[in-house]
Every structure is written in C-alpha cells, then in structure tokens.
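Trainee: just need the structure, nothing else, for what follows:
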Amino acid sequence: MSIGSRIRFYRLQKGMTQKELGNRTLISDSTISLYENDGRPVPAEMIITICKALDVTPNTLLGFDPAGNKQKMMDEAAVYIGILYDKYMK
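Mentor: Numbering: from 1, shown residues only. Predicted structure coming up:
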C-alpha cells in the first residue's frame, strides 16, 4: 500500500472528504487527490501536517509497524475492505 493509499484509508476511516482534509491541513483538495492517487509525491514537511489532521503517527502513515501489531493491521484491512465494498458493490 502506498502513502497515498494510506492517506485515503485514514481519511475515509475518519469520515472526512478531501476538502475537509484540505481545510485542516491548508492543502488544496486537488493536491490531496494527487497525493492519494500517487500523482504527486508527498513532501516530507506535509507528512506531519497530514498525520496531525488524521490523528495517526508518521510511522503509521509511512507504513511502518514497529510493534508488529498484526491485529491492528487486520482491523484496518477490514475497514478498508468495507469501504471498498460499500463504494463498488452496493
């Protein structure tokens, strides 16, 4: 999973639109879209800003799980699958 996919995942998990995330981070919603679709790399200085808005750690957003918390990863995957199901299967 890319950083853009993780931004989308945690944004949707918080029930936020791209516009709402943009308002919280002072980043345009079109730039948020580019980040989420891997159309533009996320600058290092924006990672902390996005983490604060999404209430996740940089390690989480970057895809590192130093504790090896398998259950948390399984729970996050289940949420993501539910989001995809609701969007594409209903």
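Trainee: state the pLDDT value of residue 3.
Mentor: Model confidence at residue 3, expressed as pLDDT, equals 92.
Trainee: for it, give me its contacts.
Mentor: By CB atoms under 8 Å, 6 or more residues apart in numbering, residue 3 lies in contact with 35, 42, 47, 61, 62, 63. Where C-beta positions appear, they are placed from N, C-alpha and C, glycine not excepted.
Trainee: same question, residue 62
Mentor: Contact analysis of residue 62 by CB under 8 Å, 6+ apart lists 3, 6, 47.
Trainee: rerun at 7 Å
Mentor: Residues counted as contacts of residue 62 (CB atoms under 7 Å, 6 or more residues apart in numbering) are residue 3.
Trainee: can you tell me how far it sits from residue 51?
Mentor: 9 Å (CB to CB, to the nearest Å).
Trainee: then residue 5?
Mentor: Distance check for residue 5 against residue 51: by CB to CB, it reads 15 Å.
Trainee: neighbour-wise, which of those two wins?
Mentor: Neighbours per residue (other CB atoms under 10 Å) separate residue 5 from residue 51, with residue 51 holding more: 19 against 14.
Trainee: which helix or strand contains that one?
Mentor: Assigning secondary structure by DSSP states H and E places residue 51 in helix 44-54.
Trainee: can you give me the first-to-last residue distance of stretch 48-63?
Mentor: Counting by CA to CA, to the nearest Å, you get 14 Å between the two ends of stretch 48-63.
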